[in-house]
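Colleague: heads up, no residue letters with this:
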């Protein structure tokens, strides 16, 4: 009876909302209603961003969004008997409805995200399960793998219950017997080198006969040899903190039907957008919205999914589904979908417990995102989450959100081209006056921004999502079209690791961005021309020109993204504060390691003179480690000497050659996850809509100038020298 009463109440509320949304009101009344909603949302946000008041604020915003959708549906579509207007108008309408649909799904997912979980077990617990650690590799170099293997082996866990596997798909029998002698020689050399590396670091090396089904096939081959109750998976460039298993394995004892504990991917280096815009230290990273909010929202509905690394899975669950799924090139999400549909559950632990490297160049960044987009489209095509048997209704919506999101390149291109259709070709894709368009669209956009800020304020600054979608969408659209036309065509491609940029340059993928920018710039001149020649349509031209101006701000900022800055350091240094000794010849100098990365460190010296040190001097660092090493001495090369508040300091580069050297580096950088969580929280600041918009405009103007400057310099470099200058040097 109570459920019936609640259902009736909700039905009545729904009817009232529909009546209010469809109520015919004039433009002034709509503006007043929109202003009142915005004002109430601001007031509610001042008091609290959580609980029931947050839901009320989001419900108020939803009413304006629905009002806009109703107006667009009933009052703005061009007549169907004018196909030159109707077709582009319909495309813009469908793109907007997709955006609104995705907004509502995201509201469902993250309205009340799961509170951060904390369940830590001790390594001395006698009932801990056995764990196999999989580190799949294809073409990564041995030094990168050595750090990951050393970190995995050093995890705080009973050694007899922990087995680390190096799964080498670059040294398979198929590759070693290749008809290409050079490739076969490289595969054989890699096979021998990695066998020795694994043995030196107390790990097990495994390869297979043939390279089939990419990463999924590699790990499925390992399942035939491993015997642990749990399987931890780390990408080749994802090194775990010492406490990784302490924070993850305990959940498997609490929930017998648990198949997955996923943790966030934390990165020590900026992605190309962050590096080229110089926002890595101050602005939340792009992936933090997913790992900081969306995965917690998915966890609320038992739909957090496997992300390919930084996760622990139950072996019994994988056996039930015959291992990792390999139909799509995103085997991680596909495996989670199959296991959720089989009645297994998952847990998300919102604590950075691994540190990895993300693509450094714009080209490899686009390659990675293309694989994700194509893989999610394959899952949508072959697994079709909305109709997947075994999933709950909430899980279906969650997987719909995760897969349909990757259609954004289509909408991004439509929103980019729509204003140009009017400015250049006089196509009327809206049948509305400039005042109506401005009133409805401005209130919708403002409310949309406020709702996004409510949901993701500390994790995503205003307009950054639009920038990321634009820089990806230019190249992801062809990738999407190819997988839609031929779902089986895409193959797994390994993301490049450990890259560096020796000089500043324009990305090889930059040309379309410059073309788009100059076309949009021409649209600005067309706006002025239309206002001058058609003053009776000035209101429409101004509104559409404003839309084009917003696009050019985003496109101008993208010019800075594809203007690659020089970057020799491969990863950010983290605070360490570790006592040590610097051994110079036969002299031991007391010192403190202040910060460290996987490549080098900064060391403060006490009671030493700067003139006694010089660049390229080879020394040794000695410090205590939490893992056993035969000789705690790490060879270094001094790269710089400079003054510090405590005396002098040196910047040094490690020169590891022995297994113990990699163990020391891993112990120095990956000894605790606390330092990574601290750094993440230092960037999670809600900048607000107004301040964020002003900041983005300033960023865009600066990056536009920088991108155009790179373009001019590239022309100067390519310009042929006069005949008289040949041979001059």
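Modeller: Received, thanks. Computed from a predicted structure; not experimentally measured.

Colleague: how far away is residue 455 from residue 104?
Modeller: Distance, residue 455 to residue 104, by C-beta to C-beta, to the nearest Å: 12 Å. Every residue, glycine included, has its C-beta placed from N, CA and C.

Colleague: again, but for residue 366
Modeller: Residue 366 sits 29 Å away from residue 104, going by C-beta to C-beta.

Colleague: ok, those two, which is more surrounded?
Modeller: Just comparing residue 366 and residue 104: by other C-beta atoms under 10 Å the higher neighbour count belongs to residue 366, 20 against 16.

Colleague: if I look at the residue lying closest to residue 208 once chain neighbours are set aside, what pLDDT would I see?
Modeller: Nearest residue to residue 208 in three dimensions, chain neighbours excluded: residue 221, at 4.5 Å (C-beta to C-beta, 6 or more residues apart in numbering). With respect to pLDDT, residue 221 scores 96.

Colleague: hmm, residue 206 and residue 221 touching each other?
Modeller: Yes - assessed by C-beta atoms under 8 Å, residue 221 is found in contact with residue 206 at 7.3 Å.

Colleague: any common contacting residues for the two?
Modeller: residue 167 (C-beta atoms under 8 Å, 6 or more residues apart in numbering).

Colleague: give me the contact list for stretch 462-470.
Modeller: 273, 283, 286, 289, 408-409, 412, 416, 449, 452-453, 554-555, 557-558, 561, 687, 689, 692-693, 696.

Colleague: please read the previous query as pertaining to stretch 188-207.
Modeller: Contacts to stretch 188-207, defined as C-beta under 8 Å, 6+ apart, come from residues 135, 137, 142, 145-146, 149-150, 152-153, 163-173, 176, 221-222, 225, 659, 662-663.

Colleague: what subset of those is buried?
Modeller: Among the contacts of stretch 188-207, those scoring as buried are 135, 137, 145-146, 149-150, 152-153, 163-172, 176, 221-222, 659, 662-663 (criterion: 16 or more other C-beta atoms under 10 Å).

Colleague: please flag which of those sit within helices.
Modeller: Among the buried ones among the contacts of stretch 188-207, the ones falling in helices (DSSP state H) are 145, 146, 149, 150, 152, 153, 176, 221, 222, 659, 662, 663.

Colleague: turn those into TSV, including distance to residue 95.
Modeller: Shown next, in TSV, are those (distance: C-beta to C-beta, whole Å):
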residue	distance to residue 95
145	44
146	48
149	47
150	49
152	45
153	50
176	50
221	43
222	44
659	55
662	50
663	53
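
Colleague: tell me which two of those sit farthest apart.
Modeller: Within these, two members stand farthest from each other by C-beta to C-beta: 176 and 663, at 29.5 Å.

Colleague: dihedrals phi and psi, the residue positioned nearest the centre of the chain?
Modeller: Nearest residue to the geometric centre of the chain (C-alpha atoms, centre = their mean): residue 287, 3.2 Å. Main-chain dihedrals, residue 287, degrees, to the nearest 10: phi -80, psi -10.

Colleague: swap in residue 295?
Modeller: phi -60, psi -30.

Colleague: same deal with the one 3 residues further on?
Modeller: The main-chain torsion angles of residue 298 are listed as degrees, to the nearest 10 and equal phi -60, psi -40.

Colleague: and for it, the neighbour number?
Modeller: Neighbour count of residue 298, defined by other C-beta under 10 Å: 27.

Colleague: assumed residue 538 was part of a helix.
Modeller: Yes - looking at residue 538 with DSSP: H, G, I helix; E, B strand; the rest coil, it is inside a helix.

Colleague: does it touch residue 531 like I think?
Modeller: Yes - using C-beta under 8 Å, residue 538 is in contact with residue 531, at 4.9 Å.

Colleague: have a look at this protein and report the helix or strand with the lowest mean pLDDT.
Modeller: For the chain, counting by mean pLDDT, DSSP states H and E, helix 2-22 ranks last in confidence among helices and strands (a mean of 67).

Colleague: could you point out which element follows that one?
Modeller: Downstream of helix 2-22, the next assigned helix or strand under DSSP states H and E is helix 27-47.

Colleague: helices or strands next to that next one in the packing?
Modeller: helix 51-75, helix 434-456 (3 or more C-beta pairs under 8 Å, 6 or more residues apart in numbering; DSSP states H and E).

Colleague: output the ones you listed as CSV; include the columns mean pLDDT, distance to residue 615 and mean neighbour count.
Modeller: Shown next, in CSV, are these (pLDDT from 0 to 100; distance: least, C-beta to C-beta, whole Å; neighbours: other C-beta atoms under 10 Å):
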stretch, mean pLDDT, distance to residue 615, mean neighbour count
helix 51-75, 86, 56, 17
helix 434-456, 89, 45, 19
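
Colleague: can you redo these as CSV with distance to residue 682?
Modeller: Shown next, in CSV, are the helices and strands packed on helix 27-47 (distance: least, C-beta to C-beta, whole Å):
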stretch, distance to residue 682
helix 51-75, 25
helix 434-456, 18
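
Colleague: any stretches of the protein with poor pLDDT?
Modeller: For the chain, the stretches with pLDDT under 70 are 1-3, 5-7, 9-14, 16-17, 19-20, 48-51, 490-501, 568-570, 718-729.

Colleague: contacting residues around residue 21?
Modeller: The neighbours of residue 21, taking C-beta under 8 Å, 6+ apart as the test, are 63, 66, 67, 70.

Colleague: with residue 400 instead?
Modeller: Applying C-beta under 8 Å, 6+ apart, the residues contacting residue 400 are 105, 385, 386.

Colleague: sec struct for it, please.
Modeller: At residue 400 the chain is in helix, as set by three-state DSSP.

Colleague: gap between it and residue 298?
Modeller: Counting by C-beta to C-beta, the gap from residue 400 to residue 298 is 12 Å.

Colleague: give me the common contacts of these two.
Modeller: Counting by C-beta under 8 Å, 6+ apart, residue 400 and residue 298 have no shared contacts at all.

Colleague: so residue 154 versus residue 166, what's the distance?
Modeller: Going from residue 154 to residue 166 by C-beta to C-beta gives 15 Å.

Colleague: do residue 233 as well
Modeller: Separation of residue 233 from residue 166 (C-beta to C-beta): 13 Å.

Colleague: could you do residue 255 as well?
Modeller: Per C-beta to C-beta, residue 255 is found 30 Å from residue 166.

Colleague: would you say residue 648 is within a helix?
Modeller: No - counting by three-state DSSP, residue 648 falls outside a helix, being strand.

Colleague: pretty sure it is touching residue 612, no?
Modeller: No - counting by C-beta under 8 Å, residue 648 stays clear of residue 612, with 9.5 Å between them.

Colleague: those two: which is more packed in?
Modeller: Of the pair residue 648 and residue 612, residue 648 is the one with more neighbours under other C-beta under 10 Å, namely 20 against 13.
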